[in-house]
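Chemist: Everything below, folded, please.
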Amino acid sequence: MAIKAVLYDIDGTLVDSNDLHVLAWMSAFKSIGAEFDRSTIHDQIGKGTDMLVPKLLPDLDEDAQESLGETHGAIFKADHLGKVKQFPGAHDLLARSHAAGQRVVLASSASSEELDHYLDLLDARDIVDTTTSSDDVENTKPAPEIFATALKKLGDVDPAEVIVVGDTPYDIEAAGKCGIAAIGLRSGGFADDVLRGAGAVALYDDVAALLADYDASPLAG
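Modeler: Okay, here's the model as predicted:
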């Protein structure tokens with residue numbers, strides 16, 4: 001079946017930001033006297049505050065979780081957002097999907113403010129059809145709402161005609177809950193067995209490798 005729309009994750013997929021988010025979360029946790037090593041936090045990257053914080057600090061109440069998320073967001077914006085670079089080939093991959101007549105969606109657990117920044121970083125405003133962010137949903141990945149909301153925005157598109165490109169098992173799990181196949185990228189730092197275990201239909205090193213194999217990849221349908 002032809003692919004009519006591609007839902008792209010952003011952090012770790014199109015832009016090299018996962019390690020910077022780890023640093024921001026380490027600082028946020030430290031601000032309330034909690035400490036975790038980098039690998040523990042990295043394993044949760046790809047989730048929004050609503051999913052990440054309860055996993056690591058299950059005893060925090062909802063208000064404290066939200067406050068900690070706001071601290072992380074402020075630290076990330078002040079200290080790290082300006083350092084984020086797009087991965088080589090990221091813009092070109094989005095442009096390739098657009099040129100193929102596929103609808104291009106950025107679907108991320110990031111905030112709407114971060115997403116807006118990345119649209120400019122990727123020079124993608126004329127390429128992207130629609131977006132979804134954590135501000136659009138109650139629950140972020142691996143809950144299905146980010147991608148389910150994207151499907152609603154797309155309108156009359158069957159999940160079988162859509163594919164997700166992401167770097168974390170949470171992208172892949174969320175896609176599967178919507179009946180959408182997902183390609184996993186290694187650029188986010190997750191192991192192959194983790195991505196395959198979540199249900200990835202194909203694995204590529206990064207966006208440049210996926211772009212080079214576009215016509216033979218699941219993106220081509």
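Chemist: any idea how far Val53 is from the residue in the chain sticking out farthest from the centre?
Modeler: Going by Cα atoms, centre = their mean, the residue of the chain most distant from its centre is Gly33, 28.2 Å out. Between Gly33 and Val53 the computed distance is 14 Å (Cβ to Cβ, to the nearest Å). No exception for glycine: its C-beta is placed from N, CA and C like everyone else's.
Chemist: This structure: helices as residue ranges?
Modeler: Secondary structure of the chain, counting by DSSP state H: helices at 18-30, 38-42, 49-56, 62-75, 90-99, 112-121, 145-154, 169-177, 192-198, 207-212.
Chemist: For Thr130, find the nearest of these.
Modeler: Thr130 lies closest to helix 145-154 among those, at 4.6 Å (Cβ to Cβ).
Chemist: ok, and for the closest one, which residues are buried?
Modeler: Neighbour counts over helix 145-154 (16 or more other Cβ atoms under 10 Å) mark Glu145, Ile146, Phe147, Ala148, Thr149, Ala150, Leu151, Lys153, Leu154 as buried.
Chemist: Determine the angle, from 0 to 180 degrees, between it and helix 169-177.
Modeler: 50 degrees (axes from the mean of the first three to the mean of the last three Cα atoms, to 10 degrees).
Chemist: Against which helices or strands is helix 145-154 packed?
Modeler: Applying 3 or more Cβ pairs under 8 Å, 6 or more residues apart in numbering; DSSP states H and E, one finds that helix 145-154 contacts strand 5-8, strand 103-107, strand 130-132, strand 162-166, helix 169-177.
Chemist: Strand 103-107 and that helix, what's the angle between them?
Modeler: Helix 145-154 and strand 103-107 are oriented at 150 degrees to each other (the same axes, to 10 degrees).
Chemist: contact partners of helix 145-154?
Modeler: 5, 7, 103, 105, 107-109, 129-130, 132-134, 136-140, 157, 159, 162, 164, 174-175, 177-178, 180 (Cβ atoms under 8 Å, 6 or more residues apart in numbering).
Chemist: Alright, calling it a day.
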